[in-house]
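Peer 1: Below is the sequence, then the predicted model.
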Amino acid sequence: MVKFNYIHHACFLLEDGTDAIIFDPFLDGNPGKVQVKDIKVSHVLVTHAHGDHLGSAYEIVRKNNALFISTAEVANAAAEAGCETHSMHLGGTYHYSFGKVRVTPAFHGSGIAGGHACGFIVDFHGTTVYYSGDTCLFSDMKLLGELEKIDYAILPIGDNFTMGPSDAALAVEFLGVKKVIPIHYNTWPVIAQDPEKFKQEVEAKGKAKVFIVAPGTSLELK
Ligand code: NI
Ligand code: MN
């Protein structure tokens with residue numbers, strides 16, 4: 001059984017009882033109030049180096065003897081900080097112990113000179129999740145939906161820095177995905193959103209279901 005464990009903002013874990021991986025581990029300053037010492041993971045996936053995504057990644061990687069996975073420029077900076085890293089880049093796939101990762105484009109700053117923000121399509125022990133990272137809506141999400149059979153899409157809805165709810169609802173259509181989890185909202189007033197409105201907008205189209213996961217809780221991915 002694979003679980004989506006939501007800390008807050010864009011920070012979550014995928015777990016299957018024996019293995020856990022974390023995404024964009026922003027902990028210090030996150031209203032989710034989870035500490036580095038509570039995180040036990042084998043891999044840390046980082047979409048870009050903005051502080052609300054890179055977060056405590058270096059510390060978590062070093063403490064867990066974990067592997068830091070990101071685009072080359074962000075991974076190189078992590079390697080310089082003493083992390084074990086695996087560099088990837090847009091369009092690349094690689095098989096890890098937990099399953100396959102495909103790196104997808106994201107239209108956003110990388111937070112590092114010369115870098116590029118990304119998203120990930122991750123097959124974690126048989127469940128495929130698309131986490132777009134911070135991005136605007138883009139129509140090639142249709143292509144991503146053709147390339148991979150995505151079970152769950154994890155999309156930002158906060159607006160201001162990323163897609164807002166209506167654009168994210170269109171992303172759901174482009175991806176052709178049936179199950180969606182909204183993130184990257186209500187962390188600060190500037191990205192305040194009502195996820196119930198997003199849920200209504202998506203579900204009114206009759207093709208997908210939205211799972212609102214409260215920070216500090218988890219969802220079984222079926
Ligand atoms: Ni960002
Ligand atoms: Mn962000």
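Peer 2: Everything's here; your move. Numbers count the residues shown, from 1 in each chain. Ligands and ions are numbered 1, 2, ... in the order given.
Peer 1: same for the longest helix anywhere in the chain, what does it pack against?
Peer 2: The residue-count maximum for a helix in the chain (DSSP state H) belongs to helix 165-175. When contacts are defined as 3 or more C-beta pairs under 8 Å, 6 or more residues apart in numbering; DSSP states H and E, helix 165-175 packs onto helix 141-147, strand 152-156, strand 179-183, helix 195-203. C-beta here means a position set from N, CA and C on the backbone, and glycine is covered the same way.
Peer 1: Tell me the buried residues in it?
Peer 2: In terms of neighbour count (16 or more other C-beta atoms under 10 Å), helix 165-175 has its buried residues at 165, 167-172, 174-175.
Peer 1: now swap in stretch 89-101 and tell me
Peer 2: In stretch 89-101, counting by 16+ other C-beta under 10 Å, buried: 96, 98-99, 101.
Peer 1: Could you do stretch 20-37 as well?
Peer 2: By neighbour count on 16+ other C-beta under 10 Å, the buried set for stretch 20-37 is 20-27, 30, 32, 34, 36.
Peer 1: Let me know the closest of those residues to ligand 1.
Peer 2: Asp24 (9.0 Å; C-beta to the ion).
Peer 1: Thr47: neighbouring residues, count only.
Peer 2: 28 (other C-beta atoms under 10 Å).
Peer 1: show me the contacts for it.
Peer 2: Thr47 sits next to 10, 23-24, 53, 70, 106, 117-120, 131, 133-134 when contact means C-beta atoms under 8 Å, 6 or more residues apart in numbering.
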